[in-house]
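S.K.: with the sequence up front, the predicted model follows.
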Amino acid sequence: MVGTKSDIGRTTLPRRQLGRALRDARQANGYTLEQVAEVLEISRSSLGRLELGQNEKIKVRDIEYICQYYGLPDERIEYLKSLAEQARMKPWWEDFRDLVRPGFNTYLQLEAIATGFHFYQPLAVPGLLQTEDYARVMAAAPPPNAPEEVEQRVALRMRRQAILTRRHKPLPAEFLLHETVVRTVVGSDRDMSSQLRHVADMGTRDNVSVRIIPFSAGFPAGLPIPPYIILDFPRDEPSVVYTEGAIGTMIFEEHDDVQRYRDFYEQLRHCALGEQASRDLLRNLAWRHER
């Protein structure tokens, strides 16, 4: 079951973001739905569905026309047109639809259009940093899982990682990993050595930061914090927080909720090792698995 404090899971994300942007632009101009519908010669209900992200038949030229009527700058118009294009496209993860839970499907929509990430993970290496062998062990538990399904899950995880490693505009991401993550053995010593070195190597990329929160930090926020991800989006689009557990997911969109998680993140970051010290720890632990 998917938990949510908003309607984010009830429509595809690009449609929802597009609708909200158009609604905000209309209200900023002081127009009512009726006024705009009359000028643009469309029904009020159609415009209303568009603003709610419930219109599946979106035409890019119509979006451009509406944006021009609202007097939006060219940069903003191009961004909203790109959302309209995304809303019309079949997402790449559709090939893995039988493996994706409803809550994670929403996350993949978020991930696809995010402009940056802040991860806190106290339990396991995040999927975007996993090696194939580590991912394979994780995907195989709990049994029984057919070998074909395990390999599909691994393939999905590897496909997602392209957002960090692609040549054109790789996304910035910061990872705060608790020391528990890097000391918990998943798979063989060889698997762990390879995984730890991979995390260290990823941390050398210009767009990726990896820092370890040591055991000695205790509970920086005053209480145990479950894993979560803060996802940032283009200008004027508010950030959201995604959390995931064994039985479901939660997505937080309200400003106060997101800010609370940002505050937690700053407290955790303050107690984390520096990037170089974190890489040194990762490589030292990898070496121990090789002995």
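M.R.: Structure received.
S.K.: all contacts plus neighbour counts: C-alpha atoms, from now on.
M.R.: Noted.
S.K.: which residues does the most centrally placed residue in the chain contact?
M.R.: Residue closest to the average C-alpha location in the chain (C-alpha atoms, centre = their mean): Glu111, at 3.5 Å. Going by C-alpha atoms under 8 Å, 6 or more residues apart in numbering, Glu111 touches Leu231.
S.K.: quick one, grab the pLDDT at it.
M.R.: At Glu111, the model reports a pLDDT of 88.
S.K.: and Val2, by the same measure?
M.R.: Val2 carries a pLDDT value of 40.
S.K.: tell me the secondary structure for the residue nearest to the centre of the chain?
M.R.: Classification of Glu111 using DSSP: H, G, I helix; E, B strand; the rest coil returns helix.
S.K.: isn't there a strand covering Leu176?
M.R.: Yes - according to three-state DSSP, Leu176 belongs to a strand.
S.K.: can you list the domains in the chain?
M.R.: Domain assignment for the chain by the TED database gives 13-88, 98-289.
S.K.: in terms of mean pLDDT, which of these ranks lowest?
M.R.: Among the domains of the chain, domain 13-88 carries the lowest mean pLDDT (a mean of 88).
S.K.: mind checking the end-to-end distance for that one?
M.R.: Criterion C-alpha to C-alpha, to the nearest Å; first-to-last residue distance in domain 13-88 is 12 Å.
S.K.: that one: how far from the chain's middle?
M.R.: Offset of domain 13-88 from its chain centre (C-alpha atoms, centre = their mean, to the nearest Å): 24 Å.
S.K.: gap between Ala28 and Glu34?
M.R.: As judged by C-alpha to C-alpha, Ala28 and Glu34 stand 15 Å apart.
S.K.: more crowded one of the two?
M.R.: Shown here are Ala28 and Glu34; by other C-alpha atoms under 10 Å, Glu34 has more neighbours (14 against 10).
S.K.: in which helix or strand does the more buried one reside?
M.R.: For Glu34, the element it lies in under DSSP states H and E is helix 33-40.
S.K.: does the residue nearest to Arg288 when sequence neighbours are not counted belong to a helix, a strand or coil?
M.R.: In space, and not counting its chain neighbours, Arg288 is closest to Ser193: 8.0 Å by C-alpha to C-alpha, 6 or more residues apart in numbering. Of the three states, Ser193 takes helix under three-state DSSP.
S.K.: do the same with Phe117
M.R.: Taking three-state DSSP, the label given to Phe117 is strand.
S.K.: that one: neighbour count?
M.R.: Phe117 - counted by other C-alpha under 10 Å - has 20 other residues nearby.
S.K.: cool, and Leu273?
M.R.: Leu273 has 18 nearby residues by other C-alpha under 10 Å.
S.K.: which residue ranges form the strands in the stretch 51-200 of the chain?
M.R.: Ranges of strands in the stretch 51-200 of the chain, per DSSP state E, counting those that start in this stretch, are 116-121, 173-178.
S.K.: would you format those strands as a markdown table with distance to Glu149 included?
M.R.: Formatted as a markdown table, those follow (distance: least, C-alpha to C-alpha, whole Å):
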| stretch | distance to Glu149 |
| --- | --- |
| strand 116-121 | 25 |
| strand 173-178 | 28 |
